[in-house]
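Participant: Can you look at this prediction? I've put the sequence above it.
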Amino acid sequence: MRGGGGGGCGEARGKNLPWFWKRSGELVTKFGLNAENEIIHTLAFLAGAMVWS
């Protein structure tokens with residue numbers, strides 16, 4: 001078995017990441033920040049990923 005296994009967990013994460021990226025951009029705009037700023041968008045995404053995991 002290569003890649004450490006995981007039982008298909010990576011597949012579910014792979015489908016949720018684009019959705020989560022979009023939601024983090026919406027959250028940034030709710031706080032009045034520019035979602036086009038990739039640094040702020042990425043920080044919001046990473047903060048959400050930390051809370052989620």
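Facilitator: Ah, there it is. Numbers count the residues shown, from 1 in each chain.
Participant: Name the nearest residue to A49, sequence neighbours excluded.
Facilitator: Take A49 and drop its neighbours on the chain: the residue closest to it by Cβ to Cβ, 6 or more residues apart in numbering is F20, 7.3 Å away. All C-beta spots, glycine's among them, are computed from the backbone N, C-alpha and C.
Participant: Could you check how many residues crowd around that neighbour?
Facilitator: 14 (other Cβ atoms under 10 Å).
Participant: who's in contact with it?
Facilitator: F45, G48, A49, W52 (Cβ atoms under 8 Å, 6 or more residues apart in numbering).
Participant: what do you get if the cut-off is 10 Å, keeping everything else the same?
Facilitator: Listed by Cβ atoms under 10 Å, 6 or more residues apart in numbering, the contact set of F20 reads R13, F45, G48, A49, W52.
Participant: Please apply the same query to L33.
Facilitator: G25, L27, I40, H41, L43, A44.
Participant: Out of the residues you listed, grab the one that's most surrounded.
Facilitator: Neighbour counts for these, by other Cβ under 10 Å, peak at A44, which reaches 21 neighbours.
Participant: For that residue, which three-state class applies?
Facilitator: What DSSP: H, G, I helix; E, B strand; the rest coil gives for A44 is helix.
Participant: Leaving out the residues flanking it, which one is nearest to it?
Facilitator: S24 (4.3 Å).
Participant: The one you found contacts V51, doesn't it?
Facilitator: No: S24 is beyond contact range of V51, at 11.0 Å (criterion: Cβ atoms under 10 Å).
Participant: Between those two, point out the one with more neighbours.
Facilitator: S24 (20 against 7).
Participant: Just the element for that one, please.
Facilitator: helix 9-30 (DSSP states H and E).
Participant: Now that helix: buried residues?
Facilitator: S24, G25, L27, V28 (16 or more other Cβ atoms under 10 Å).
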